[in-house]
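# Predicted model and sequence follow; I will ask about them next.
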Amino acid sequence: MGFIKALALLSLIPLFGYVVSEWVLYDLNVMFEEEGTTLFQFCTSDIFFESQDFTSLCKEVLPILWMKIASILSAIVGIILLLSFMVISKFAGQNRQRIAKVFPPLVFITIITLSILVLVQGTILTYGAYIAESYAIERVHFIAIGMIGLVALITAIGLIFSSFKLVKKQTHSVLADELNRSQHPKLFSLIDEVAESLGAKPPKNVIAGLEPNFYVTNADVTIIGTNTKALKNGTLFVSLPLARILTVEEFKGIIGHELGHFRGNDTHYSLKFAPVYSGLSDGIDLLTDDEGGGSIVTYPAATVLSYMMDVFHKNISAISRIRELEADKAACEVANPISLATSLLKIGLYASHWRELEEQTINRLIKGKITKNLSMLFFSIVDYDTNKTSISTVIKEISEQTISHPTDSHPPTSSRIAELGLNIDDIKHDLLVKPRHSCIDLFQDPAIHEESLTAIQMQYYVALGVKLPESDENNYASTAIAAFGAYMVVADGKVEPEEINEAESLGISLNEDFDYIEFREFCHYPESILPIDELLESAAKISKESKEIIYDYMKKIAGSDGEVSTEEQLLIDKVKKAFNL
């Protein structure tokens, strides 16, 4: 169907030009055939120059004859172009080196050819419309016809510029911090160790961000919000939130997977194919963008490029699957298969919570509440909200999902784990909860980066259009409950999941506006809470009933883990005395 649609659209304008020219020239051709010649032969022969009576006729007819020939030739070129996709796709097959060699020049030639075709067919459509109107109604709508020609010219120029983009270096913008080797020796030492073990070139740059993803790119990377030059010659992106829930062994497996794409023959494919594939998508976007001049003239070209992607899609999907499985094998050269499998499941299990956390953060920002550390909040979801009994159900859902990646589509997680020689059902669920020691320890002062990036993220939301309230007054009752609850949770120096769950469920029952993010940030940053004496003083004016509710709230939190520590009891007694209960 894709071939038929592309062929039909690519032949539509040539067919129009051919029919118009045949219609106009029909009577004249009949007359000349009676004389044993053709109109074209006559007007291109010496007779034309000797017979001035036919000068005006031939001057008028010759452009129509050339339009007919141009229509035929442009249709033939379109057919050859479409057939070449199928032939070259068959030739390239699933050979990475071959497809990396033939695909970039094919795309470049295709866009140049389409640029010429758009210009030629735009001319055919413009001149054909002029001739058709002249002969049919003896009237010409010059403005409408002129616009057709102008759109064709603009589109052809746009396509040519798009083709030039294919030879340019890919660029990528990201919200992240560039990490320095001297400040993070443990992290860089591990990356170097993995690269050396795999025989891969280590990335020149390492950046850390809040996005729950890992990837390596050879694109020029620009860090949002900085004036530093673009990072070149290979950049590794590591996720700070995921670093808090992955072990060092799991982290090694992920880095091994990413660097596995840049060793041996796979390096050529990664460097040559991905930029051109992205450039092809840009070309299609240019043609289908209504604001960019999408029309009857540009639509055939967009269809041809889309068909080209469809023809190669099967090859590319198969290659992508093979590449990912080979990269997983590379990961197993530096980490044990179980760790790679658990890292895949963890990312699938928890990455979806990131989007929910972003929504909550934006909702708080609308109320004037600033979030301090998104990475720590993400970690708290894993630490406090994970229901071990439901992990098996969630695993079944995520096992058929794929993990997003800037350039490749990964096979389903279950397939990747099976290729490692493991059964997804045999992986112990205890390995998927918060690790005792995470790879965040590889980073020097990670909270500094997390807080800085969170602050920039807040500015980014505002730049996207999130409006802050005119008044920065928050809901006092909600904040007070969160503060008292956090004091109770951290009183004994330990933050227990049972206490968190109890505090949040009770907090919501006490106040429908209870902000669990504010509560958790109080627990992570107790120094940000109003000093207890000032908090008690500010709460002195509330009703006795409200004081009893807060006092009872704190007692229930203290006892939620089955015991009340000395520190917790002292805090309870202090609140009781201050509230005169």
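Everything's here; your move. Numbering: from 1, shown residues only.
# and the residue nearest to H437 when sequence neighbours are not counted, what is it in contact with?
Of all residues not flanking H437 in the chain, T247 sits nearest, at 6.9 Å (Cβ to Cβ, 6 or more residues apart in numbering). Yep, even glycine has a C-beta here, placed from its N, CA and C like the rest. With contact set as Cβ atoms under 8 Å, 6 or more residues apart in numbering, T247 has these partners: S339, P435, H437, S438, C439.
# roughly how far apart are T247 and P104?
Using Cβ to Cβ, to the nearest Å, T247 is found at 40 Å from P104.
# same deal with D385?
47 Å.
# which one of the two has more residues nearby?
P104 (19 against 14; other Cβ atoms under 10 Å).
# Packing partners of the helix or strand the more buried one falls within?
Under the criterion of DSSP states H and E, P104 resides in helix 96-136. Counting contacts by 3 or more Cβ pairs under 8 Å, 6 or more residues apart in numbering; DSSP states H and E, helix 96-136 is packed against helix 2-34, helix 55-92, helix 142-165, helix 265-288, helix 299-331.
# wait, what's in contact with the nearest residue to P104 once chain neighbours are set aside?
Computed as Cβ to Cβ, 6+ apart, the closest residue to P104 that is not its neighbour in sequence is V276, at 4.3 Å. Listed by Cβ under 8 Å, 6+ apart, the contact set of V276 reads F103, P104, V107, F108, L166.
# Hmm, the second one is touching F273, no?
Yes - when contacts are counted by Cβ atoms under 8 Å, P104 is listed as touching F273 (7.4 Å).
# measure the residue nearest to H437 to C439 for me?
T247 sits 6 Å away from C439, going by Cβ to Cβ.
# Same question for T479.
T479 is 34 Å from C439, by Cβ to Cβ.
# What are the contacting residues of stretch 251-266?
Against stretch 251-266 from outside (Cβ under 8 Å, 6+ apart): 96-97, 190-191, 194-195, 197-203, 214-216, 218, 234, 236, 243, 246, 267, 270, 323, 326-336, 339-340, 343, 439, 442.
# buried subset of those residues?
Among those, those classed as buried by 16 or more other Cβ atoms under 10 Å are 96, 190-191, 194-195, 198, 200, 202-203, 214-216, 218, 234, 236, 243, 246, 270, 323, 326-332, 334-335, 339-340, 343, 439, 442.
# before we move on, the earlier item: could you dump the helices and strands packed on helix 96-136 to CSV with mean pLDDT?
Listed next are those as CSV, based on pLDDT from 0 to 100:
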stretch, mean pLDDT
helix 2-34, 79
helix 55-92, 86
helix 142-165, 69
helix 265-288, 68
helix 299-331, 83
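# quick one: pLDDT of Q444?
On pLDDT, Q444 comes in at 93.
# H184 versus that one, what's the distance?
Going from Q444 to H184 by Cβ to Cβ gives 5 Å.
# Which of those two has more residues huddled nearby?
A direct count of neighbours by other Cβ under 10 Å for Q444 and H184 places H184 higher, at 20 against 15.
# Would you mind measuring from the more buried one to P531?
In this view, H184 and P531 are 35 Å apart by Cβ to Cβ.
# With K494 instead?
Distance from K494 to P531, by Cβ to Cβ: 21 Å.
# again, but for A418
56 Å.
# Between these two, which has more neighbouring residues?
A418 (15 against 10).
# Please look at the more buried one and D426 and confirm they touch.
No - with contact defined as Cβ under 8 Å, A418 and D426 do not form a contacting pair (11.3 Å).
# helices and strands of this structure: which one bottoms out on pLDDT?
Lowest on mean pLDDT, DSSP states H and E among the helices and strands of the chain sits helix 46-50, with a mean of 51.
# What distance do you get for K59 to W66?
12 Å.
# Compare these two (neighbour count), which wins?
Neighbours were counted for K59 and for W66 using other Cβ under 10 Å; W66 has more, 14 against 11.
# Next, work out how far apart the more buried one and G78 are.
From W66 over to G78 the distance is 18 Å, taken as Cβ to Cβ.
# residues touching A578, list them.
By Cβ under 8 Å, 6+ apart, A578 lies in contact with L536, A540.
# again, only using 10 Å
Under the criterion of Cβ atoms under 10 Å, 6 or more residues apart in numbering, the neighbours of A578 are I532, D533, L535, L536, E537, A539, A540, K547, Y551.
# unless I'm mixing things up, V61 is touching L25, no?
Yes - here V61 reaches L25: they are 6.8 Å apart, a contact under Cβ atoms under 10 Å.
# Just want the phi and psi numbers for the residue nearest to C523 when sequence neighbours are not counted.
Distances taken as Cβ to Cβ, 6+ apart place A486 nearest to C523, at 4.9 Å, with adjacent residues excluded. Per-residue torsions, A486: phi -70, psi -40 (degrees, to the nearest 10).
# What about A486, how many residues nearby?
For A486, using other Cβ under 10 Å, the count is 25.
# Looking at it now. What's its pLDDT?
89.
# quick one: it and H524 touch, right?
Yes - using Cβ under 10 Å, A486 is in contact with H524, at 9.0 Å.
# Need the residues touching each of these two.
Common contacts of A486 and H524 (Cβ under 10 Å, 6+ apart): V495.
# Isn't S182 up against F188?
Yes - the criterion here is Cβ under 10 Å, and S182 meets it with F188 at 8.8 Å.
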